[in-house]
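Chemist: Dropping the sequence and predicted coords here.
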Amino acid sequence: MARVAREMVEKAGVDVDKLLELLIKNASAELTTYYYYTILRVNLIGLEGEGLKAITEDARIEDRNHFEALIPRIYELGGALPRNMNDFHDISACPPAYLPDDPTDIQAMLKVLVNAERCAVAGYTEVCNMTAGKDHRTYDLALAILHEEIEHEAWFSEFLGEGPSGHGGARQHGHSPYVSRFLPDTI
């Protein structure tokens, strides 16, 4: 399957090696963000922190879903994940979403969260621009993830006081309304 999928995408004019590099780096960003958001979520305590906990959890689980949804396409195109987890972490398309030095500083926490989402939006926009009209399957997947990343950014930017986004708050945890059709039923 990888041979035919790759051939069709190459014939459409996509640099598949570059596309695979972007997909793998974005998959790394999703998995590492899932990890770092776990640490951030645990530290969201107190009156201010509790208000962010639900949407951070939703973004965290959806990022794991994004990782799971990307993996089949990477392998369909003939790619593979790095063998070593440290190597995988270090090629992330986005910088680590580290817990701020002062974990009680909710504004600092929000900046970490919103910047992680903004990086993801940029990454999936790049994949969409590369595949639009050329690689329908990858485009469809990247667009679905992009929709969810834009919502995550909107949630956190509202907490920063950047204005209303028009998006609702947290959904049923891990629902991934746009990406769920790319996931196996077991997730």
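Modeler: Thanks, I have it. If you're wondering where the values come from, they're calculated on a predicted model, not measured in any experiment.

Chemist: counting contacts, what elements does the strand or helix carrying I74 pack onto?
Modeler: Using DSSP states H and E, I74 falls within helix 46-76. Counting contacts by 3 or more C-beta pairs under 8 Å, 6 or more residues apart in numbering; DSSP states H and E, helix 46-76 packs against helix 2-11, helix 16-42, helix 106-131, helix 136-159. (C-beta placed from N, C-alpha, C; glycine too.)

Chemist: need the contact list for the closest residue to K53 other than its chain neighbours.
Modeler: Counting by C-beta to C-beta, 6 or more residues apart in numbering, L44 is the residue found nearest to K53 once chain neighbours are left out, at 4.6 Å. Applying C-beta atoms under 8 Å, 6 or more residues apart in numbering, we find L44 in contact with 50, 52-53, 56, 106, 109.

Chemist: hang on, the earlier thing: which of the helices and strands packed on helix 46-76 has the lowest average pLDDT?
Modeler: Here the helices and strands packed on helix 46-76 differ in mean pLDDT, and the lowest is helix 2-11 at a mean of 91.

Chemist: how about the helices and strands packed on helix 46-76, which one is nearest D90?
Modeler: Counting by C-beta to C-beta, D90 lies closest to helix 16-42 out of those; the figure is 8.2 Å.

Chemist: Look up how far M109 lies from T56.
Modeler: Using C-beta to C-beta, to the nearest Å, T56 is found at 9 Å from M109.

Chemist: Fine, thanks again, bye for now.
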